[in-house]
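Chemist: just need the structure, nothing else, for what follows:
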Amino acid sequence: MSQQNTNTDNYREDEIDLRKLFQAIGNGFANIGKEFVNLIIRIRRASLRYKILLIGMMVAGVITGVAFNNISKPYFNTSMLLSSEYFNGKLVENNIEKLNTLCKEEDRIGLAKILNIDAQVAKNIKDFDYEPLVLEQDIVDVEVLKQKLEELKVKDPDIEKVIEQIEIRNKKTYIITVHVFDNKIIGNLQESLVDYFRGSPFVKNRIAATRTSQLKLINKLKNDLIYLDSLKHLFNENLRSNSTKKGEPSSLYIGESGALDPVRFYSQSVKLYEQLQETQQQVELGDDFEVIDGFTAFSKPESPGLIKATALSVLYFLGLAYLIIIFIETNKYLNKVEKERFNQQKD
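Modeler: Below you'll find the model as predicted:
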């Protein structure tokens with residue numbers, strides 16, 4: 001009986017503790033709500049107390065936004081998808097950094113020379129940007145690889161290094177973005193920018209080597225097809241001659257291998273022809289370096305308009321005003337504390 005009473009008491013103690021726990025959690029949320037309301041009240045009081053400062057900052061924000069919109073030139077942006085088997089993150093980054101460095105020059109002669117464009121066109125370019133195109137399948141593959149490495153108990157820093165190297169090597173397609181002050185130059189700019197990336201020594205040498213190998217392969221495939229066609233012709237002639245002889249098999253025997261299967265001639269010929277067509281298509285399309293999607297000229301500027309620029313400027317100045325208010329109130333509080341301590345020491 002005493003044991004049952006002990007268990008009952010323990011159960012009641014556990015039940016009371018659980019109730020206290022939920023009560024404490026509820027009180028915590030209530031206190032957070034009260035503090036949030038108090039914060040809003042303090043902000044409202046401070047806004048009313050420093051309303052002249054806030055109004056002045058808002059007026060300054062409106063003036064700044066309007067002035068910025070009138071002074072700054074509107075710019076347009078457009079982008080293209082550029083893919084190459086020889087691209088990597090560092091190569092594209094370096095090329096874009098070179099272009100942006102040349103964009104900072106006032107005369108833009110260097111930019112005009114490297115892109116082979118007119119100096120006036122170069123002056124209408126604001127800057128360039130890039131971003132690797134990441135496919136959903138690539139993300140899935142990387143996550144699967146992470147999971148497998150974790151199962152092998154590989155350390156997190158090592159996993160990150162492996163994933164970083166894989167991502168650098170697998171980035172073949174990039175979104176190249178350009179910001180211009182005049183959208184009429186976008187059409188001519190695309191060809192110049194593509195030639196700039198294609199003309200880099202790293203890419204140019206590899207494209208040339210690949211083209212040479214492909215052309216050699218095309219010539220070999222053509223010669224092999226001619227040779228196979230001649231063999232097929234001889235084989236057909238042999239079959240016709242054997243078919244006219246009665247009592248003799250109509251098969252072609254070559255050495256110790258026995259009868260030659262005629263299907264092999266035709267199947268091998270089809271394979272070589274398909275390989276030839278595929279290689280010729282690669283040369284014609286240049287799929288080791290190609291523009292997947294080109295620039296599009298948009299009539300709407302990307303830069304913020306009058307309303308957006310004014311709103312952003314007003315928000316910026318209001319934030320600055322509240323920082324000033326916080327500084328003033330903090331200084332008042334510190335002066336008050338300092339004065340009270342001084343009075344206590346004096347007494």
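Chemist: all helices for the stretch 101-250 of the chain, in order.
Modeler: The residue ranges that make up the helices of the stretch 101-250 of the chain, judged by DSSP state H, counting those that start in this stretch, are 109-115, 119-123, 136-151, 156-170, 186-198, 201-243.
Chemist: so T78 is in which element?
Modeler: Counting by DSSP states H and E, the element that carries T78 is strand 76-84.
Chemist: about what we covered before: what's the least confident stretch among the helices of the stretch 101-250 of the chain?
Modeler: Among the helices of the stretch 101-250 of the chain, helix 156-170 carries the lowest mean pLDDT, a mean of 59.
Chemist: and the helix or strand encompassing E338, how far out from the chain middle?
Modeler: Using DSSP H and E, E338 sits in helix 306-346. Helix 306-346 sits 41 Å away from the centroid of its parent chain (C-alpha atoms, centre = their mean, to the nearest Å).
Chemist: likewise stretch 34-43?
Modeler: Worked out by C-alpha atoms, centre = their mean, stretch 34-43 lies 42 Å from the chain centre.
Chemist: and the gap between the residue lying closest to Y266 once chain neighbours are set aside and L221?
Modeler: Among residues not flanking Y266 along the chain, K232 sits closest, at 7.3 Å (C-beta to C-beta, 6 or more residues apart in numbering). Placement of C-beta: from N, CA and C, glycine included. As judged by C-beta to C-beta, to the nearest Å, K232 and L221 stand 16 Å apart.
Chemist: the two: which has the busier surroundings?
Modeler: Shown here are K232 and L221; by other C-beta atoms under 10 Å, L221 has more neighbours (19 against 14).
Chemist: looking at it, F295 is touching Q190, isn't it?
Modeler: Yes - look at F295 against Q190 with C-beta atoms under 8 Å: they come within range, at 4.5 Å.
Chemist: quick check: neighbours shared by the two?
Modeler: Listed as contacting both F295 and Q190 by C-beta atoms under 8 Å, 6 or more residues apart in numbering are M80.
Chemist: more neighbours: which of these two?
Modeler: Neighbour comparison, F295 and Q190: the larger count goes to F295, with 23 against 19 (by other C-beta under 10 Å).
Chemist: just checking, that one is part of a helix?
Modeler: No - counting by DSSP: H, G, I helix; E, B strand; the rest coil, F295 is not found in a helix; it is coil.
Chemist: just the pLDDT at it, thanks.
Modeler: 84.
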